[in-house]
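Participant: this one's structure only:
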């Protein structure tokens with residue numbers, strides 16, 4: 001599970017902290033579709049962090 005720190009919102013010009021999430025018990029029947037969706041989510045979060053870092057430097 002990927003845990004995000006705070007990120008900078010250049011529109012509102014403030015740092016945003018993610019909401020607290022409740023831990024979920026892993027399902028014994030994790031499907032291949034779930035694994036692909038998780039991989040996409042991680043990739044989207046990586047791209048988002050790169051964009052935020054880029055915008056925060058300017």
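Facilitator: Nice, I can see it. Computed from a predicted structure; not experimentally measured.
Participant: In the helix or strand hosting residue 54, which of the residues would be classed as buried?
Facilitator: Assigned by DSSP states H and E, residue 54 belongs to helix 32-57. Across helix 32-57, burial judged by 16 or more other C-beta atoms under 10 Å covers residue 52. Every residue, glycine included, has its C-beta placed from N, CA and C.
Participant: so what secondary structure elements neighbour that helix?
Facilitator: If contacts are counted by 3 or more C-beta pairs under 8 Å, 6 or more residues apart in numbering; DSSP states H and E, helix 32-57 sits against strand 7-9.
Participant: Could you tell me how far the very next helix or strand once past the strand it packs on lies from the centre of the chain?
Facilitator: Once the chain leaves strand 7-9, the next helix or strand it forms, by DSSP H and E, is strand 14-16. Centroid separation between strand 14-16 and its chain, computed with C-alpha atoms, centre = their mean, to the nearest Å, is 15 Å.
Participant: can you check stretch 48-56 too?
Facilitator: Here the centre of stretch 48-56 is set off from its chain's centre by 12 Å, with C-alpha atoms, centre = their mean.
Participant: Now do the same contact list for residue 52.
Facilitator: Neighbour list for residue 52: 7, 8 [criterion: C-beta atoms under 8 Å, 6 or more residues apart in numbering].
Participant: again, only using 10 Å
Facilitator: Applying C-beta atoms under 10 Å, 6 or more residues apart in numbering to residue 52 gives the contacts 6, 7, 8, 9, 10, 15, 16.
Participant: Next: residue 7.
Facilitator: Neighbour list for residue 7: 15, 16, 17, 18, 45, 48, 49, 51, 52, 53, 55, 56 [criterion: C-beta under 10 Å, 6+ apart].
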